[in-house]
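Undergrad: coords below, sequence missing:
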């Protein structure tokens, strides 16, 4: 056993905690939490985009256009799962429910691919999409 | 240089070719192409699902329910990109346009995470979603 090597459950907890902290800021209108954990070569999909965004600079520009505009009073990360893929990759997937006010919950699917760098785990690919009802 | 170790461009070409071959069968109503390259722990999202599907058995059941029902006369994988993440992971992202008949193109975003196994590259996470127009 290499004691310096985190267990899969340790990696899982680390990744989920990183994501929760970034989501918490995101839902208060602050995209910097995600920017701080995004890799230079990050790619990004969401349902409002016609095509993939490539690279930190494009993602940063997009996130800045949303600063202060996202608000969720309550959110839930549903059944987060981390798949460790070799020594340098981890894939976090979860369903996400958020509530902005009186309306029904927004329902999303999310995939986040993380790469292990010297400075910590960083996102290399994000995919947000709408889930079906029910 | 380790001659036995494929270059990033070699990995990229291999992954894109695997995906194209599976898509070609998928668009003719045959999900077996994807099943043959899916890992036991594969997870899956698409816009028709309310939550994530976990594992080969759940995905296989879902795909079998679609056998013979998917048909696209023409499709295009737009700007496929492969990010190699350590020795065992590769992330393929692309926009996807498909045409079924007279109607407008369907526009999708797709993320596929592959894991390198002894038998070859296998999908561990798939995420399909609708893209915005334009």
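TA: That came in fine, so what should we check first? Because the structure is a prediction, the values reported are computed rather than measured.

Undergrad: for the longest helix that chain A contains, which outside residues touch it?
TA: Taking DSSP state H as the criterion, chain A has its longest helix at helix A:8-26. With contacts defined as Cβ atoms under 8 Å, 6 or more residues apart in numbering or on different chains, helix A:8-26 is touched by A:6, A:31-34, A:36-37, A:70, A:75, A:77, A:80, A:82, A:84, A:90, A:92, A:94, A:96, A:112, A:114, A:120-121. Where you see a C-beta, it was placed from the backbone N, CA and C, and this is true even at glycine.

Undergrad: of these, which ones also sit close to chain B?
TA: With Cβ under 8 Å from any Cβ of the partner chain as the criterion, the contacts of helix A:8-26 include residue A:94 near chain B.

Undergrad: return a ChimeraX selection command for the buried portion of the contacts of helix A:8-26.
TA: To isolate the buried ones among these in ChimeraX, judged by 16 or more other Cβ atoms under 10 Å in any protein chain shown, type:
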select /A:31,33,34,37,70,75,77,80,82,84,90,92,94,96,112,114,121
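
Undergrad: quick one: which of the contacts of helix A:8-26 sit in helices?
TA: Reading helices off the contacts of helix A:8-26 with DSSP H, I get A:32, A:33, A:34, A:36.

Undergrad: before we move on, back to that, the longest helix of chain A - what's its average pLDDT?
TA: Averaging pLDDT along helix A:8-26 gives 96.

Undergrad: tell me the buried residues in it?
TA: Buried-residue list, helix A:8-26, by 16+ other Cβ under 10 Å: A:11, A:12, A:14, A:15, A:16, A:18, A:19, A:22, A:23, A:25, A:26.

Undergrad: next one: that helix to chain centre, how far?
TA: Offset of helix A:8-26 from its chain centre (Cα atoms, centre = their mean, to the nearest Å): 9 Å.

Undergrad: beta partners of residue A:78?
TA: Counting by DSSP bridges, residue A:78 is bridged to residue A:95.

Undergrad: wouldn't it be in contact with residue A:98 here?
TA: No. Residue A:78 lies out of contact with residue A:98 (Cβ atoms under 8 Å); the separation is 10.9 Å.

Undergrad: who's more crowded, the two?
TA: residue A:98 (19 against 16; other Cβ atoms under 10 Å in any protein chain shown).

Undergrad: in three-state terms, how would the more buried one be classified?
TA: Reduced to three states with DSSP: H, G, I helix; E, B strand; the rest coil, the structure at residue A:98 is strand.

Undergrad: which residues does residue A:63 contact?
TA: So residue A:63 contacts A:31, A:34, A:35 (Cβ under 8 Å, 6+ apart).

Undergrad: look up phi and psi at it.
TA: Main-chain torsions, residue A:63, degrees, to the nearest 10: phi -60, psi -40.

Undergrad: and what of the one 10 residues further on?
TA: Geometry field for residue A:73 lists phi and psi as phi -80, psi -20, criterion degrees, to the nearest 10.

Undergrad: tell me the pLDDT at it?
TA: 89.

Undergrad: cool, the one 10 residues further on as well?
TA: In the predicted model, residue A:83 carries a pLDDT score of 98.

Undergrad: okay, it and residue B:7: tell me how far apart.
TA: 25 Å (Cβ to Cβ, to the nearest Å).

Undergrad: give me the more crowded residue out of those two.
TA: residue A:83 (21 against 10).

Undergrad: ok, the closest residue in space to the more buried one that isn't next to it in sequence - how many residues close by?
TA: Nearest residue to residue A:83, sequence neighbours excluded (Cβ to Cβ, 6 or more residues apart in numbering or on different chains): residue A:91, at 4.5 Å. For residue A:91, the count of nearby residues is 25 (other Cβ under 10 Å).

Undergrad: contact partners for residue A:91?
TA: By Cβ under 8 Å, 6+ apart, the contact set of residue A:91 is A:82, A:83, A:85, A:111, A:112, A:113, A:114, B:43, B:89, B:113, B:124, B:125.

Undergrad: mind running it again at 7 Å?
TA: A:82, A:83, A:85, A:111, A:113, B:113, B:124, B:125 (Cβ atoms under 7 Å, 6 or more residues apart in numbering or on different chains).
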